[in-house]
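**Q** the following comprises the amino acid sequence and a computationally predicted model.
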Amino acid sequence: MRKNPFRTMYNLVIRTEPEGGYTVTVPSLPGCITFGKTLIEAKRMALDAIKLYLASMIAHGEKVPNDINTYISPLEVQYA
């Protein structure tokens, strides 16, 4: 019998790298960082990294966090 999978949402921070490609971090999962040569690859790699991270958390009996009630917004700041 197959278990029903859980679903949740995570915010990704995607940064363009000077040498090319994209680095992806997942703020709610400390240390969950990956890289892709294209945006599509970077997001695919992030999905794989998140799944592995969560599998490890579950195996260690840790509570799985999520970003369902977390919002990201840019804020422009002027400085001298």
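**A** Sure, I can see it.
**Q** give me the most central residue, the protein.
**A** The centre of the chain sits closest to V26, judged by Cα atoms, centre = their mean, with a distance of 3.1 Å.
**Q** thought it was touching M45?
**A** No - the pair V26 / M45 is not scored as a contact, 11.2 Å apart, by Cβ atoms under 8 Å. C-beta: built from backbone N, CA, C; applies to glycine.
**Q** tell me the pLDDT of the residue nearest to the centre of the chain.
**A** Per-residue confidence (pLDDT) for V26: 95.
**Q** now M1
**A** Listed pLDDT for M1 reads 48.
**Q** try N4
**A** The model's pLDDT for N4 equals 61.
**Q** so which residues of this structure form strands?
**A** Counting by DSSP state E, residue ranges of the strands within the chain are 13-16, 22-25, 33-36.
**Q** run the chain-centre distance for the second one.
**A** Yep, that's strand 22-25 we're talking about. Distance of strand 22-25 from the chain centroid (Cα atoms, centre = their mean, to the nearest Å) equals 8 Å.
**Q** kindly check the end-to-end length of stretch 66-79 for me.
**A** The first and final residues of stretch 66-79 sit 33 Å from each other (Cα to Cα, to the nearest Å).
**Q** outside of that stretch, which residues touch it?
**A** T8, M9, Y10, N11, P27, S28 (Cβ atoms under 8 Å, 6 or more residues apart in numbering).
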